[in-house]
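Visitor: take this sequence and fold it.
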Amino acid sequence: MELTDWIEKAATLGADGIEMYPLFLRQFDESYLKAVADKVTENRMTIPMMCSSPDFTHPDPAFRAKQIIQMKRMIDVMAYIGPEDFRSCRVLSGQRRKEVSRAEGIRFTIEAIRELLPYAEEKRVHLVMENHYKDGFWVYPEFAQFMDVFLEIIAEISSPWFGINYDPSNALVAGEDPLALLEQVSSRVVTMHASDRYLKDGFSWDALKQHETAGYSDALAHGVIGQGMNDYDAIFKQLASVNFDGWISVEDGLNGLDEMRLSVTFLRQFIDKYFTSE
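Guide: Here you go, the predicted structure:
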């Protein structure tokens with residue numbers, strides 16, 4: 001599907017904006033980016049989020065340096081196509097490689113994000129770290145998949161340009177309680193990935209944690225938000241308690257736009273219920 005077609009289809013869902021993915025973009029020159037931004041504006045939406053996937057846990061410093069360069073390019077992209085009032089790039093830790101120790105992976109991730117933050121601030125782009133499961137092109141799961149590692153990393157990074165992209169479904173995949181994680185990070189949540197997950201028949205959560213084949217696990221299925229395992233009443237109640245007012249990105253649509261439209265409708269109802277002042 002062409003990016004312009006996707007933008008037009010997204011505009012039919014009743015959402016306020018779209019989340020961009022680096023591979024959606026064929027090139028990064030200003031004329032192309034302007035055409036993309038104009039198309040989004042034409043469809044009365046905005047682009048507040050870039051779903052980038054840096055891999056900072058590689059043992060080779062040269063590899064990590066290239067990840068920094070690539071992330072700066074994504075920051076530049078968002079500085080160009082994102083709105084002035086809020087724009088963000090997702091950051092991750094990297095892959096959970098066997099040859100990289102826990103201490104090394106944490107240090108590599110903290111160093112990389114700290115190095116990026118002055119550039120992000122200059123461009124007025126927020127870096128939001130997600131509690132993630134596994135990038136679709138990675139071999140190994142996320143280094144900071146589990147809460148203890150994730151919390152240790154974010155505790156060492158303090159900046160008004162750094163926050164959390166909370167994803168309750170990824171906590172489920174990690175075999176952890178999404179609400180327990182949210183209680184720890186809610187005051188720092190800047191954006192959210194909303195989805196619901198289902199484990200397909202014949203698969204186990206334990207097997208999923210050890211999934212080490214390139215790509216996303218076949219064991220997982222996305223579904224309509226609000227009909228899966230996440231307790232969205234409890235999630236939104238917690239976010240409302242800290243006056244969350246950030247963007248919520250819908251992670252759905254694998255089964256077509258009709259399901260995605262249901263997810264958007266569900267989230268609209270919950271935003272009105274918990275966040276809209278009377």
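Visitor: what's next to stretch 57-69, contact-wise?
Guide: The contact list for stretch 57-69, computed with CB atoms under 8 Å, 6 or more residues apart in numbering, reads 54-56, 93-97, 99-100, 104-105, 108-109, 112, 115-116, 143. (Each C-beta comes from the backbone N, C-alpha and C, glycine too.)
Visitor: and that stretch, which residues are buried?
Guide: Residues 57, 58, 64, 67, 68 are the ones in stretch 57-69 that count as buried (16 or more other CB atoms under 10 Å).
Visitor: show me these that map onto strands.
Guide: Using DSSP state E, no member of the buried residues of stretch 57-69 falls in strands.
Visitor: CA-only coordinates of stretch 264-278 in CSV, if you can.
Guide: Extracted C-alpha coordinates of stretch 264-278, given in CSV (Å, rounded to 0.1, in the frame of the first residue of the first chain):
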residue,chain,number,x,y,z
VAL,A,264,-10.7,3.8,17.9
THR,A,265,-14.4,4.0,19.0
PHE,A,266,-13.6,2.2,22.2
LEU,A,267,-10.7,4.5,23.1
ARG,A,268,-12.8,7.6,22.3
GLN,A,269,-15.4,6.4,24.7
PHE,A,270,-12.8,5.8,27.4
ILE,A,271,-11.1,9.2,26.8
ASP,A,272,-14.4,10.9,27.3
LYS,A,273,-15.1,8.8,30.4
TYR,A,274,-11.9,9.4,32.2
PHE,A,275,-10.1,12.4,30.7
THR,A,276,-12.7,14.9,29.5
SER,A,277,-13.5,17.6,32.0
GLU,A,278,-17.1,18.4,32.5
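Visitor: where does the stretch 151-278 of the chain dip in pLDDT?
Guide: Filtered on pLDDT under 70, the stretch 151-278 of the chain yields the residue ranges 208-217, 277-278.
Visitor: show me where it has its strands.
Guide: Taking DSSP state E, counting those that start in this stretch to define them, one finds strands in the stretch 151-278 of the chain at 162-166, 189-194, 196-199, 220-223, 248-250.
Visitor: tell me the helices and strands packed up against the last one.
Guide: If I follow you right, that is strand 248-250. Judged by 3 or more CB pairs under 8 Å, 6 or more residues apart in numbering; DSSP states H and E, the packing partners of strand 248-250 are strand 189-194, helix 257-274.
Visitor: could you redo the last one with a cut-off of 10 Å?
Guide: Applying 3 or more CB pairs under 10 Å, 6 or more residues apart in numbering; DSSP states H and E, one finds that strand 248-250 contacts strand 17-20, strand 46-50, strand 189-194, helix 257-274.
Visitor: so what touches that strand?
Guide: 10, 13, 15-19, 48-49, 51, 90, 165-167, 191-195, 225, 236, 239, 260-261, 263-264, 266-268, 270-271, 275 (CB atoms under 10 Å, 6 or more residues apart in numbering).
Visitor: now with 6 Å?
Guide: 19, 49, 192, 193, 194, 263, 264, 267 (CB atoms under 6 Å, 6 or more residues apart in numbering).
Visitor: ok, which of the helices and strands packed on strand 248-250 comes nearest residue 126?
Guide: Of all the helices and strands packed on strand 248-250, it is strand 189-194 that lies closest to residue 126, at 5.9 Å by CB to CB.
Visitor: list the strands paired with that closest one, with their directions.
Guide: strand 162-166 (parallel), strand 248-250 (parallel) (DSSP bridges).
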